[in-house]
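Peer 1: I'll drop the sequence and a predicted model, then ask my questions.
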Amino acid sequence: MRPSRVNVWVSGLVAAVILAPVAVLFMLSLGADVDVIGQIAAITVNSLALALLTVLGSVAIGVPLALVTSYADLPGRRFWVATLSAPLAVPSYLGAFAFFAAFGPGGELSVLSGLPLPPVKGLAGATVVMTLYTFPFVLLSTRAALAGLDVSVLEAARTLGMPLPMALWKVVLPRVRNGIAAGALLVALYTLSDFGTPALLQLDTFTRVIFVEYNAFGLDRAALLSLQLLGFVALILLLESRLRASRERPGRTMTLKLPGAIKALCLVAASVIVLAALVLPVAIFTLWLVRDGAVGFDPGYLLNSVYVSLLAAVATVLVALPVAFAASAGRLGRLFERITYLGFGIPGIVLGTALVYLGLQLSFLYQTVTLLVVAYVIRFLPLAVGAVRATLARRNNDLTGAARSLGASSFEVFRRISLPLSLPGLVAGAALVFLEAMRELPATLMLRPTGFETIGTYLWRTYEAGYFGRGAIPGLLLMLVSAVAVMMMVLGEGRLSRRHSR
């Protein structure tokens, strides 16, 4: 059988595996006795309210920052872009953990300042934390849309006497509304799918109640709630897929000369956001480390995290190879590739619910590292497929054609040409999967073997036990992982821009 046909068949098998959890949830939810009018209605209101308020907050912060960092003559503009984008790489549950412990009666900041600071919890607290860690979606998507605009229209409006704020509102923002909408939909998707922040801040959303039902052995109720959450997620993904960025012929870029007072206000606002999203969590975890040391933390937790994340990275890139090659070869392969992207849209808590049931039916998989790795592969396969596909798109098809004309077999062309050319994409995809698996919380909590602790699950256990100081080491380690992710992103963009310039 030809390698291309093998790739298509393997891709079809992978697509079937990814669709299987959804089918399991449908079957498992039959006969669930959840109070539709009462419990589900309240959960839906909380979940949608959190998503809506977070979207509004992210747009209110992200759009002005995008305008300022794109057009204004701020000192150190590249630094501010990188720093303001960094919260996107930090798991929001780390911020929720730090805010929950810092504020309120007996909180770290309340004790240090002597002021009766309000607690950060419930809908208001979750909205603040989620906004701080999701506004970069809007910031980056809006900046990308602004980068392709010609400022001549704006200059014409200014020449006709329109004030700058009005010109930005009526001339610039309508032309980048699709970019803003794309970022807002990503914020909504992330907020609905997030488990750690609502759980830590005691807000009953779909993800938190699903976990509670799972712990109460109510898999049928957890499945029904999971399907409803998945319905909202699917709606957002559908809306996002229909968005198309408006294109126009790029022209001259613009630099706004801001008055000193306005420039200082922008810098103060950006500094406050960075202090809240980045400096506060680092300071809280560092304070705990200095005060309590590494009490209770076993280095084996870190080794477990690295071990299972490495397994997930290797398994994911091995699965991604045939999927990416099949997608490059024909229409059926592209269809299977699109199905694999569904896994990234399935919240970890939903995927965990389905795979727990599968594990119960297949006892040799229940509470094993294998099942946990399968969950990681389903969740993060699109990261590896996208990285490999991006590399394959840049390959020179003349090389493979020349090799075939010289008598090389299809397998030999794959081994000696296609595989080496796709190696950079494989490495990049493996690194992304490794970093995401290190930070994944809900699927790990539900699927890990008994006694198998990772740095994420240990951090969750310290919260449940109330020993916040013992969360210093895992919190700082996860932040280090996030910093590595940001560095990889920045370095990758730098290499890409240098290639384009050459």
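Peer 2: Yep, it's here. This one's a predicted model, so the numbers in the text were calculated from it and none came from an experiment.
Peer 1: Helices of the stretch 1-150 of the chain, start to end?
Peer 2: For the stretch 1-150 of the chain, the helices defined by DSSP state H, counting those that start in this stretch cover 3-29, 41-71, 77-85, 92-102, 108-113, 122-146.
Peer 1: repeat for the stretch 301-450 of the chain
Peer 2: With DSSP H, counting those that start in this stretch, the ranges of helices along the stretch 301-450 of the chain come out as 331-340, 342-345, 348-361, 369-393, 397-405, 410-413, 419-439, 442-447.
Peer 1: contact partners of the second one?
Peer 2: Applying C-beta atoms under 8 Å, 6 or more residues apart in numbering, the set of residues contacting helix 342-345 from outside is 18-19, 22, 189, 193, 233-234, 237, 351, 378-383. C-betas here are computed from N, CA, C, even on glycine.
Peer 1: before we move on, what SS does the residue nearest the centre of the chain have?
Peer 2: When C-alpha atoms, centre = their mean is applied to the chain, the residue found nearest the centroid is residue 190 (6.7 Å). What DSSP: H, G, I helix; E, B strand; the rest coil gives for residue 190 is helix.
Peer 1: Next: residue 294.
Peer 2: Quick answer, by three-state DSSP: residue 294 is coil.
Peer 1: tell me which element the closest residue in space to it that isn't next to it in sequence falls in.
Peer 2: Distance criterion C-beta to C-beta, 6 or more residues apart in numbering; nearest residue to residue 294, sequence neighbours excluded, is residue 473 at 5.4 Å. Following DSSP states H and E, one finds residue 473 within helix 472-501.
Peer 1: How about exporting the host helix or strand of residue 167 as PDB, limited to the C-alpha atoms?
Peer 2: Following DSSP H and E, one finds residue 167 within helix 164-167. Taking C-alpha atoms only, helix 164-167 is exported to PDB below (Å, rounded to 0.1, in the frame of the first residue of the first chain):
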ATOM      1  CA  LEU A 164      -8.100  62.000  17.100                       C
ATOM      2  CA  PRO A 165     -10.300  60.000  19.600                       C
ATOM      3  CA  MET A 166     -13.300  60.300  17.300                       C
ATOM      4  CA  ALA A 167     -11.100  59.400  14.300                       C
END
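Peer 1: Helix or strand, whichever it is, which one in the protein has the lowest mean pLDDT?
Peer 2: helix 397-405 (a mean of 59; mean pLDDT, DSSP states H and E).
Peer 1: so can I have a markdown table of the helices of the stretch 1-150 of the chain showing distance to residue 177?
Peer 2: Below are the helices of the stretch 1-150 of the chain laid out as a markdown table (distance: least, C-beta to C-beta, whole Å):
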| stretch | distance to residue 177 |
| --- | --- |
| helix 3-29 | 33 |
| helix 41-71 | 10 |
| helix 77-85 | 21 |
| helix 92-102 | 26 |
| helix 108-113 | 39 |
| helix 122-146 | 8 |
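Peer 1: quick one: which of those helices is nearest residue 301?
Peer 2: helix 92-102 (15.8 Å; C-beta to C-beta).
Peer 1: Confirm for me that residue 285 is in contact with residue 98.
Peer 2: Yes - counting by C-beta atoms under 8 Å, residue 285 touches residue 98, with 6.8 Å between them.
Peer 1: Overlap of the contact sets of the two?
Peer 2: The contact lists of residue 285 and residue 98 share residue 475, where a contact means C-beta under 8 Å, 6+ apart.
Peer 1: Show me where the stretch 201-350 of the chain has its strands.
Peer 2: Using DSSP state E, counting those that start in this stretch, the stretch 201-350 of the chain contains no strands.
Peer 1: Poorly predicted segments of it, please.
Peer 2: Within the stretch 201-350 of the chain, the segments meeting pLDDT under 70 span 244-256.
Peer 1: Centre of the chain to stretch 71-87, how far?
Peer 2: Its chain's C-alpha centre and that of stretch 71-87 lie 21 Å apart, by C-alpha atoms, centre = their mean, to the nearest Å.
Peer 1: same thing with stretch 130-149?
Peer 2: Relative to the mean C-alpha coordinate of its chain, stretch 130-149 is positioned 14 Å out (C-alpha atoms, centre = their mean).
Peer 1: Counting neighbours, which bits of that stretch end up buried?
Peer 2: Residues of stretch 130-149 classed as buried by neighbour count (16 or more other C-beta atoms under 10 Å): 130-146, 148-149.
Peer 1: Now residue 452: which helix or strand?
Peer 2: Per DSSP H and E, there is no helix or strand for residue 452.
Peer 1: Tally up the residues packed near it, please.
Peer 2: For residue 452, the neighbour count with other C-beta atoms under 10 Å is 18.
Peer 1: now swap in the one 4 residues further on and tell me
Peer 2: Each residue near residue 456 was counted by other C-beta under 10 Å, and the total is 26.
Peer 1: OK, contacts around it?
Peer 2: Residue 456 makes contact with 305, 438, 439, 440, 441, 444, 445, 474, 478, according to C-beta under 8 Å, 6+ apart.
Peer 1: cool, residue 15 as well?
Peer 2: 336, 339, 340.
Peer 1: which residue packs closest to the second one, ignoring adjacent ones?
Peer 2: Sequence neighbours aside, residue 15 is the residue nearest to residue 339 in space, at 3.9 Å (criterion: C-beta to C-beta, 6+ apart).
Peer 1: Distance check, the one you found against residue 461.
Peer 2: With the distance defined as C-beta to C-beta, to the nearest Å, residue 15 ends up 36 Å from residue 461.
Peer 1: can you check residue 109 too?
Peer 2: Between residue 109 and residue 461 the distance is 24 Å, computed by C-beta to C-beta.
Peer 1: Could you do residue 345 as well?
Peer 2: Relative to residue 461, and taking C-beta to C-beta, residue 345 is found at 29 Å.
Peer 1: And for residue 24, the neighbour number?
Peer 2: For residue 24, the count of nearby residues is 19 (other C-beta under 10 Å).
Peer 1: Verify the contact between it and residue 354 for me.
Peer 2: Yes - using C-beta under 8 Å, residue 24 is in contact with residue 354, at 4.4 Å.
Peer 1: Between those two, which contacts overlap?
Peer 2: residue 223.
Peer 1: you'd agree the residue nearest to residue 294 is up against residue 297?
Peer 2: Yes - taking C-beta under 8 Å as the definition, residue 473 is a contact partner of residue 297 at 4.3 Å.
Peer 1: More neighbours: the two, which one.
Peer 2: Shown here are residue 473 and residue 297; by other C-beta under 10 Å, residue 473 has more neighbours (25 against 22).
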